[in-house]
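Visitor: Requesting a structural model of the entry that follows:
(4 chains)
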Number of protein chains: 2
Amino acid sequence: MHNSEAMALSAALLAAAGELTQRIHAGVVARGFEGLRPAHGFAFARLAPDGATVSELAGHLGVTKQAASQLVEELVRKGYVERRPHPVDARARLVVMTELGWACTRAAEEAAADAVRPWVRQLGGRQARALYEQLLVIAPNGPIRPTW
Amino acid sequence: MHNSEAMALSAALLAAAGELTQRIHAGVVARGFEGLRPAHGFAFARLAPDGATVSELAGHLGVTKQAASQLVEELVRKGYVERRPHPVDARARLVVMTELGWACTRAAEEAAADAVRPWVRQLGGRQARALYEQLLVIAPNGPIRPTW
DNA sequence: CACAGTGGTCAAGCTACTTGACCATACAGG
DNA sequence: CCTGTATGGTCAAGTAGCTTGACCACTGTG
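Guide: Predicted coordinates:
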């Protein structure tokens, strides 16, 4: 694969990621969840299983813990998450999603499905799954960096 | 494809794009081009063939023309591009790359090739090309949005 | 030749991030 | 059992890159 092709692949990857982000965000807004940014969705993805601390969130988002703390504060104010005392570490606070947060996550999943659907139609289900698996191979579970 | 899978695909796509951006940027810096951000590379990609106007650049980057103008001003100050009178429209100014700009672009292509190489090794050349072509299908030539 | 549309820049404001300082708690070593 | 260092979290202030708004130069159509 030549240098120029590598560059073209990068551009295509970035364009696809940007468009997808935009579509999901638009879908979430259309479902009535306002005042949120894509970065909040990435935070939800990390919080969803069992909650997380601010520091873990910061690592996941690729920002400082101060920035993550501000983001959490904003989500608390809007009712999507709440801070609870950490069960085993009295320094830490476990951030968990509220029912509203879960509802927003479900909306995001629906929006993601809507956004991906035309791709599946164009590629076919088999190739769409191949795309997914290829992406998993090359980016196992790295941090998601909302800002470049 | 279920909702949760669509979300996972999105996350994988975003993680891959973010990691790739970071690697290319690091490679460019390592080759001696400092004071640049990834967004500048996306600008170069649009300027490379025949130059472009500020408005075209703004459309490509998904920002206002004021922001694009500031970005161009910065690149001019650092010697990567220069503004020339537009050949057919006296209102417009054609932004073209200098020799330094071309050198930086070549460095970025090398860095992109370095970043993509491990993926090609893991996936195999055949699947890597398939990945590229799948991405072209789903994101033909949309704008690149550096910031979310 | 009037006038709406477009290309570009200047200026001011906003927002999400950063760095720096600080406190509370954890934990390992004397 | 202290003491020193590391870690989790927040407060405060500064910053970078974007936005909106205003404006001028030029285009092109009626």
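
Visitor: drop to CA atoms for contacts and neighbour counts, all remaining ones
Guide: Noted.

Visitor: show me where chain A has strands.
Guide: Remark: strands assigned in chain A by DSSP state E are A:81-85, A:93-97.

Visitor: Next, the angle strand A:93-97 makes with the first one.
Guide: Between the axes of strand A:81-85 and strand A:93-97, defined by axes from the mean of the first three to the mean of the last three CA atoms, to 10 degrees, the angle is 150 degrees.

Visitor: So which residues on chain A come close to DNA strand C?
Guide: Residues of chain A found near DNA strand C (CA under 7 Å from any atom of the strand) are A:39, A:62-67, A:71, A:88-91, A:146-147.

Visitor: So which of those wins on neighbours?
Guide: residue A:146 (20 neighbours; other CA atoms under 10 Å in any protein chain shown).

Visitor: before we move on, back to that, rebuild the residues of chain A next to DNA strand C as a markdown table, extending it with distance to residue B:18 and pLDDT.
Guide: Formatted as a markdown table, those follow (distance: CA to CA, whole Å; pLDDT from 0 to 100):
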| residue | distance to residue B:18 | pLDDT |
| --- | --- | --- |
| A:39 | 13 | 87 |
| A:62 | 10 | 90 |
| A:63 | 13 | 94 |
| A:64 | 17 | 96 |
| A:65 | 19 | 97 |
| A:66 | 21 | 97 |
| A:67 | 18 | 96 |
| A:71 | 20 | 96 |
| A:88 | 33 | 95 |
| A:89 | 32 | 96 |
| A:90 | 34 | 96 |
| A:91 | 32 | 96 |
| A:146 | 8 | 59 |
| A:147 | 9 | 55 |
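
Visitor: And residue A:6, how close does it get to residue A:16?
Guide: According to CA to CA, to the nearest Å, residue A:6 and residue A:16 sit 15 Å apart.

Visitor: And the two? Which one has more around it.
Guide: More crowded of residue A:6 and residue A:16, by other CA under 10 Å: residue A:16, with 27 against 22.

Visitor: Just give the nearest non-adjacent residue to the more buried one, would you?
Guide: residue B:139 (5.1 Å; CA to CA, 6 or more residues apart in numbering or on different chains).

Visitor: and if you look at residue A:81?
Guide: residue A:97 (4.1 Å).

Visitor: With residue A:135 instead?
Guide: Nearest non-adjacent residue to residue A:135, counting by CA to CA, 6+ apart: residue B:12, 5.9 Å away.

Visitor: ditto for residue A:92
Guide: residue A:86 (5.6 Å).

Visitor: count of neighbours near the one you found?
Guide: Per other CA under 10 Å, the neighbour tally for residue A:86 reads 14.

Visitor: List phi and psi for it.
Guide: Residue A:86 adopts backbone torsions of phi -80, psi 140, taken as degrees, to the nearest 10.

Visitor: And residue A:50, by the same measure?
Guide: The phi/psi pair for residue A:50 (degrees, to the nearest 10) reads phi -140, psi 20.

Visitor: Count residues in the vicinity of the spatially closest residue to it that is not a sequence neighbour, would you?
Guide: Leaving aside its chain neighbours, residue A:50 sits nearest to residue A:96 (7.2 Å; criterion: CA to CA, 6+ apart). For residue A:96, the count of nearby residues is 21 (other CA under 10 Å).

Visitor: If residue A:96 is in a bridge, with which residues?
Guide: Going by DSSP bridges, residue A:96 is paired in beta bridges with residue A:82.

Visitor: now it: how far from residue A:68?
Guide: In terms of CA to CA, residue A:96 sits 14 Å off from residue A:68.

Visitor: Check residue A:40 too.
Guide: The gap separating residue A:40 from residue A:68 is 10 Å, by CA to CA.

Visitor: cool, residue A:99 as well?
Guide: Taken as CA to CA, the span from residue A:99 to residue A:68 is 21 Å.

Visitor: And stretch A:46-65, end to end?
Guide: From start residue to end residue, stretch A:46-65 stretches across 15 Å - CA to CA.

Visitor: Is any residue of it near DNA strand D?
Guide: Yes. Counting by CA under 7 Å from any atom of the strand, DNA strand D is contacted by stretch A:46-65 at A:53-56, A:65.

Visitor: So for chain A, the centremost residue is which one?
Guide: Closest to where the C-alpha atoms of chain A average out (CA atoms, centre = their mean) is residue A:42, at 2.4 Å.
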